[in-house]
Each structure stands twice: as structure tokens, then as C-alpha cells.
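J.: take a look and give me a structure for this.
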Amino acid sequence: MSFSLKEIKFKFLELVPLLLLLFISLNGNSVIDFKFFSINLHYILIYYWVLKRPQALGYGFIFLSGIITDVILGLPIGVNALTLLVIATIAAYIRVVTVRISLFYDWMTFIPALLFANFVYFIALYFSNLSIDYYYIFINSVFTIIFYPLLWIIFSTLFNLTRQKSNA
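T.: Numbers count the residues shown, from 1 in each chain. Below you'll find the model as predicted:
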């Protein structure tokens, strides 16, 4: 069975979300820090792909990504994994109850998902007696919400490329 160059490109495009997830985890770059603000790319990536195409990122890969991030950042094992699975669970629920997909609806449903995930993160770190910088996490959450539409557009372009190839 031979593959053509187009099929190989299509298969690679389908793996981009998974490769990006593992790259973010292995580098410890789930939070992109700029001078005055930061964005949590991990949350946006998982929320978008579980919402649009859940087979692109399996829950096992999401869990493994969280465990790797915990090890690299020196957090108690399972804190990020639990938080990422909360984001994925809420996205899966929203996918089931959504009739019409739009940027605005995805963005508005991302806000409670992010708030609940941060609540789980706070509780998990509180019981592990680690210090929490509430202001940093608040600013991170605000800018993650603000930058969601930009990354939604980028991921939608990639999603449309993979969908067009599968229909052809």
C-alpha cells in the first residue's frame, strides 16, 4: 500500500494539534509570557480541538500532557492533568449541547470553562500547600480569554484545511 504526497501532507495536518500539544508539554511553554501579560495556550488548544474534532486529541494524550507539564514545572503530579481534563470535559459537554457553532458562542462558553478549571487548579494547589500568585493567574486568565478569538481563527484555518482534504 503506497501513499501519495497529498495523503502524507493530509495525515501530517491531522497530527498538528497532537504534535503541538506534546511540544507545549515537553517545553513547559503552556503559558506564553510577554512583558505585561501571558496567555495559556494549553487551555485554548485543548478546548478548541475537543470542541471541534475530539478525535484529534484523545483524553489519554491530554492527561499525559498534563502529567508531563507537572513534571517539567515541578508541580504536584496531576494538578495540570486534572485541570486540562476539566477543560476537555466542559468542551465535550458543550459539543453535545451545541446546535450551531460560532466564534462568539465558543468564546462565551470558554469563559466558564476557564473559570472552573482555574478553580480546580486553585483547590489542588491549596491542598498541596504551594503558594499561589492569584494576580498572575487572574491576568493570565483575562488575556487567555481576550486572545481566544485570534487562536480560534488560526485553529479554524487548520481545521478547514484538514476537512477539505478529507472531503476530496
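
J.: count of residues packed around residue 36?
T.: When neighbours are counted by other Cβ atoms under 10 Å, residue 36 registers 7. Heads up, the C-betas are built off the backbone N, CA and C, glycines and all.

J.: kindly apply the preceding question to residue 126 instead.
T.: 10.

J.: just the pLDDT for it.
T.: We have a pLDDT of 85 for residue 126.

J.: that one belongs to a helix?
T.: Yes: counting by DSSP: H, G, I helix; E, B strand; the rest coil, residue 126 is located in a helix.

J.: so what's it up against?
T.: By Cβ atoms under 8 Å, 6 or more residues apart in numbering, the contact set of residue 126 is residue 132.

J.: 6 Å instead?
T.: Contacts for residue 126 (Cβ atoms under 6 Å, 6 or more residues apart in numbering) come out as none.

J.: hmm, which helix or strand of the protein has the shakiest average pLDDT?
T.: Least confident helix or strand, the chain: strand 31-33 with a mean of 64, by mean pLDDT, DSSP states H and E.

J.: and residue 27, how far is that from residue 93?
T.: 30 Å (Cβ to Cβ, to the nearest Å).

J.: those two - which one has more neighbours?
T.: residue 93 (14 against 11).

J.: buried ones in the strand or helix carrying the more buried one?
T.: Secondary structure from DSSP states H and E places residue 93 in helix 79-97. Neighbour-count burial for helix 79-97, with 16 or more other Cβ atoms under 10 Å as criterion, is recorded at 79-91, 94.

J.: tell me, what residue is most central in this protein?
T.: Central residue of the chain (Cα atoms, centre = their mean): residue 46, 2.4 Å from the mean position.

J.: secondary structure element for that residue?
T.: helix 41-52.

J.: direction-wise, compare that helix with helix 79-97 and give the angle.
T.: When axes from the mean of the first three to the mean of the last three Cα atoms, to 10 degrees is applied, the directions of helix 41-52 and helix 79-97 differ by 30 degrees.

J.: quick one: contacts of helix 41-52?
T.: 17, 24, 30, 32, 56-57, 62, 84, 87-88, 91-92, 95, 110, 148, 151, 155, 159.

J.: who are the packing partners of the longest helix along the chain?
T.: Longest helix in the chain by number of residues (criterion: DSSP state H): helix 134-167. Packing partners of helix 134-167 (3 or more Cβ pairs under 6 Å, 6 or more residues apart in numbering; DSSP states H and E): helix 5-27, strand 38-40, helix 41-52, helix 103-127.

J.: I'm done for today, thanks for sticking with me.
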